[in-house]
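Student: Make a model of this:
(one chain, ligands or ions: 1)
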Amino acid sequence: MQRLGLFAAALPISLLLSCGTAGPQTPIASIHPAAPAGLVRADSGMVVSAHPLASAIGERVLREGGNAVDAAIAVHWALAVTTPWAGNIGGGGFMVVRLADGRTASLDFREAAPAAARHNMYVDQQGQVVPGLSEYGHLAPGVPGSVAGLFALHDSLGSLPMARLIQPAIDLAAAGCPLTGHEAHELNAARPLIGRHSTRPNAFTSRSSWAAGDTLRQPELAHTLERIRDGGAEEFSKGLTARLLVEEMRRGGGLITAADLATYHPRWRPPLQGTFQGMEVITMGPPSSGGILLLQMLRGMETADPSIWTGGRPALLHRMIEVERRAFADRAEYLGDPDFVRVPVQELIAHEYVDARMADIDPSRATPSTAIRAGSPVPEAAHTTHFSIVDPMGNAVSCTTTLNGAYGCGVVVGGAGFLLNNEMDDFSAAPGAPNAYGLIGGEANSIAPHKRMLSSMAPTIVTRNGRLFMVAGSPGGSTIPTTVFQVLLNVVHHGMDMQQAVSAFRFHHQWLPDTVRAEIGAIQPADSMALVEMGHVIRIRHAIGRADAILVHPDGTLEGGADPRGDDRAMGF
Ligand code: DON
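Tutor: Numbers count the residues shown, from 1 in each chain. As a prediction, the model looks like this:
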């Protein structure tokens, strides 16, 4: 590194019981059937992302001598083209970086509320949240942060010219990407959303139906990326792209103004640091809740009776569910944008606090969520995409970026060819009103001009004995922290390799609603029965998370885990 300037639908339990068989030797969860048979290993550098073309672009940057940050920038631009449901320039995200010399940093390029946003903007005169208003159309986007974020990252830690890093994305947008079956399906499903909310013709709805193998060309996006290549971050904040975005807002009655775009700034923040069984966990702090949740859950497992790791599976699953339930109750009460509300971060992750919080877990009974309130820390704290990168020098990047929902708010900026996010739905529209992920929140996450909405994203880097051990993260809204939590436990406690760890089926509890959401295969039938007897309510859910991760062995070799729930791909050399 040369420049270091900065230091599903819910189905009842009967279905869950109808598949698979339990036995004392069966592992904690079964492995996704689409998991690749082989394990991708590498000696020097590796990229794991949601799209094979984006992974290939990142790998090439590494091979040409670029560092992990260069590769991350190139992969982010590429995903904006290959993976339009989540990859973006009209959204935002979080990135955690660990340099080979041990220094760490995290970048918050989360969207912010426009200046004209108001506390009750999604509530009608009766005080009821208007369905869909924060999710679809021109009132749903926050001021995008991705372009400013990528340039801030490049200014501080990049080593190759930005033009080199953005060009592959421009070429892909102009020439077009062949669609996988997955992507064709996603695009067809999004057609009504994009058709209803976009005010100008666009690439995504240019055909009435997409099929695997079709080529998606995005000429307007190619031109936008060219302008950004030539004009830098200012092209997005003040140039023609900004003007096109503001015109789009005017046509559709949205709030984002030229001043909002011109005054948006990404923020370098100290990453959140915690420990788990002697390892150091470096993850994202507020305005994401992901890191706090992850550290609370890991601590909740560390202090469990050691017999849960060797005894019956129901005891282990029960502990994980109860730990998840309690962590999410704190999220709803305390977490929001630290530039606007005081978030008691260190208090919430303090071991004494978490230990007291987990102390009332009854090993034989589920605690109803109605009996759980947010704790009292001592006063003093479906569709996103994640990629993980390690370069030959040992620098690591963990980045999660999003439009929030698939294809964001459905608005394609006329003439500029990119989708806008619907991140405003991550605010708490009214006390107790659930957002798209069923998350509720209070005043700490209420809407205010320029405030950043609370996230669950948890880009994470783990070190062991001072050496890089794992780079991991996932999309999945509220299920992100639980996905990262389970991937880490799968490696550390269940002896899985990186691919198995991301492929294994997962489950999730988020306090409210008071149900365990589980992928088929996450919980063995006999264990489900035991958990139901303890008082848990279990519902089947479609895919939970899409984790992309890298494991680093003590000899420096790399092991990739690309989630089989999507087209994700690990590539290394
Ligand atoms: O920031 C958040 O927590 C959400 N906007 C993330 C959305 C997400 O992961 C959707 N993915 N499936």
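Student: quick one, longest helix in this structure?
Tutor: Criterion DSSP state H: the longest helix present in the chain is helix 313-334.
Student: quick one: buried residues of that helix?
Tutor: Buried residues in helix 313-334, counting neighbours by 16 or more other CB atoms under 10 Å, are found at 313-334. Where C-beta positions appear, they are placed from N, C-alpha and C, glycine not excepted.
Student: likewise stretch 112-131?
Tutor: If you call a residue buried by 16+ other CB under 10 Å, then stretch 112-131 has these buried ones: 112-114, 117, 121-123, 129.
Student: With stretch 518-525 instead?
Tutor: Within stretch 518-525, the residues that qualify as buried are 518-524, counting by 16+ other CB under 10 Å.
Student: for stretch 432-452, same thing?
Tutor: Buried residues in stretch 432-452, counting neighbours by 16+ other CB under 10 Å, are found at 433, 435-437, 439-442, 444-448, 450-452.
Student: And the next helix or strand past the helix or strand harbouring residue 57?
Tutor: Per DSSP states H and E, residue 57 falls inside helix 52-63. In the C-terminal direction, the helix or strand that comes right after helix 52-63 (DSSP H and E) is helix 68-82.
Student: helices or strands up against that next one?
Tutor: Contacts defined by 3 or more CB pairs under 8 Å, 6 or more residues apart in numbering; DSSP states H and E place helix 68-82 against strand 46-49, helix 52-63, strand 92-98, helix 146-157, helix 162-175, helix 219-231, strand 384-390, strand 396-402.
Student: Repeat the analysis, applying 6 Å as the threshold.
Tutor: Secondary-structure packing of helix 68-82 (3 or more CB pairs under 6 Å, 6 or more residues apart in numbering; DSSP states H and E): helix 52-63, helix 146-157, helix 162-175, strand 384-390, strand 396-402.
Student: possible to save the ones you listed as JSON lines with distance to the ligand?
Tutor: Shown next, in JSON lines, are the helices and strands packed on helix 68-82 (distance: least, CB to the nearest ligand atom, whole Å):
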{"stretch": "helix 52-63", "distance to the ligand": "17"}
{"stretch": "helix 146-157", "distance to the ligand": "13"}
{"stretch": "helix 162-175", "distance to the ligand": "21"}
{"stretch": "strand 384-390", "distance to the ligand": "3"}
{"stretch": "strand 396-402", "distance to the ligand": "5"}
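Student: Verify the contact between residue 69 and residue 157 for me.
Tutor: Yes - between residue 69 and residue 157 there is a contact at 4.2 Å, judged by CB atoms under 6 Å.
Student: quick one, domains of the chain?
Tutor: Here the domain parsing of the chain from automatic domain parsing is 49-94+103-266+395-444, 269-383+458-547.
Student: Now do the end-to-end distance for the shortest one.
Tutor: It refers to domain 269-383+458-547. Criterion CA to CA, to the nearest Å; first-to-last residue distance in domain 269-383+458-547 is 24 Å.
Student: now stretch 517-536
Tutor: Taking CA to CA, the first and last residues of stretch 517-536 lie 11 Å apart.
Student: So that stretch, near the ligand or not?
Tutor: No - shown here: stretch 517-536 not in contact with the ligand (CB under 6 Å from any ligand atom), separated by at least 13.4 Å.
Student: cool, and stretch 453-471?
Tutor: Yes - counting by CB under 6 Å from any ligand atom, the ligand has neighbours in stretch 453-471: 455-457.
Student: Where does residue 343 sit, in terms of helix or strand?
Tutor: When elements are assigned from DSSP H and E, residue 343 belongs to no helix and no strand.
Student: List phi and psi for residue 558.
Tutor: When read as degrees, to the nearest 10, the backbone of residue 558 gives phi -110, psi 140.
Student: how many other residues sit next to it?
Tutor: Using other CB atoms under 10 Å, residue 558 has 24 other residues around it.
Student: So it is in contact with residue 40, correct?
Tutor: No - under the criterion of CB under 6 Å, residue 558 makes no contact with residue 40, lying 8.5 Å away.
Student: what's near enough to touch the closest residue to residue 115 other than its chain neighbours?
Tutor: Excluding its sequence neighbours, the residue lying closest to residue 115 (CB to CB, 6 or more residues apart in numbering) is residue 449, at 4.6 Å. Residue 449 makes contact with 113, 115, 117 under the criterion CB atoms under 6 Å, 6 or more residues apart in numbering.
Student: What sits closest to the first one if chain neighbours are left out?
Tutor: What that stands for is residue 113. Leaving out its chain neighbours, the residue that sits closest to residue 113 by CB to CB, 6+ apart is residue 451, at 5.1 Å.
Student: From the ligand, how far off is the one you found?
Tutor: To the ligand, residue 451 is 14 Å away according to CB to the nearest ligand atom, to the nearest Å.
Student: What residues are bridge-paired with the nearest residue to residue 264 once chain neighbours are set aside?
Tutor: If the residues on either side of it in the chain are set aside, residue 264 comes closest to residue 143, at 4.9 Å by CB to CB, 6+ apart. As for beta bridges, residue 143 partners with residue 112 under DSSP bridges.
Student: quick revisit: helices or strands up against the longest helix of the chain?
Tutor: Helix 313-334 packs on helix 290-302, helix 525-533, going by 3+ CB pairs under 6 Å, 6+ apart.
Student: Heading C-terminal from it, find the next helix or strand.
Tutor: According to DSSP H and E, the helix or strand after helix 313-334 is helix 345-349.
Student: ok so, going back, could you list the alpha-carbon positions for the helix holding residue 57 in CSV?
Tutor: C-alpha atoms of helix 52-63 as CSV (Å, rounded to 0.1, in the frame of the first residue of the first chain):
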residue,chain,number,x,y,z
PRO,A,52,-18.3,-13.0,-10.9
LEU,A,53,-17.5,-10.0,-13.2
ALA,A,54,-17.0,-7.7,-10.2
SER,A,55,-14.8,-10.3,-8.5
ALA,A,56,-12.7,-10.6,-11.7
ILE,A,57,-12.3,-6.9,-12.0
GLY,A,58,-11.1,-6.6,-8.4
GLU,A,59,-8.8,-9.6,-8.7
ARG,A,60,-7.2,-8.0,-11.8
VAL,A,61,-6.6,-4.8,-9.9
LEU,A,62,-4.7,-6.8,-7.2
ARG,A,63,-2.7,-8.7,-9.8
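Student: Counting by contacts, list what it packs against.
Tutor: With contacts taken as 3+ CB pairs under 6 Å, 6+ apart, helix 52-63 sits against strand 46-49, helix 68-82, strand 569-572.
Student: Just the residues contacting that helix, thanks.
Tutor: Counting by CB under 6 Å, 6+ apart, 45, 47, 49, 70-71, 74-75, 78-79, 82, 168, 391, 569, 571 sit against helix 52-63.
Student: With stretch 414-425 instead?
Tutor: Outside stretch 414-425, the residues that touch it by CB under 6 Å, 6+ apart are 89-91, 111, 134-135, 140-142, 199-200, 218, 220-221, 224, 241, 244, 248, 403-405, 407-409, 411-412, 435-436, 453.
Student: Apply 7 Å and report the result again.
Tutor: With contact meaning CB atoms under 7 Å, 6 or more residues apart in numbering, stretch 414-425 is reached by 84, 88-92, 111, 113, 134-136, 140-142, 144, 199-200, 202-203, 218, 220-221, 224, 241, 244-245, 247-248, 403-405, 407-409, 411-413, 435-436, 453.
Student: ok, now stretch 349-367?
Tutor: 274, 292, 295-296, 299-300, 303, 315, 319, 322-323, 325-326, 347, 375, 377-378, 534-536.
Student: Which residue lies closest in space to residue 204, excluding its sequence neighbours?
Tutor: Closest residue in space to residue 204, ignoring its immediate chain neighbours: residue 194 at 5.1 Å, by CB to CB, 6+ apart.
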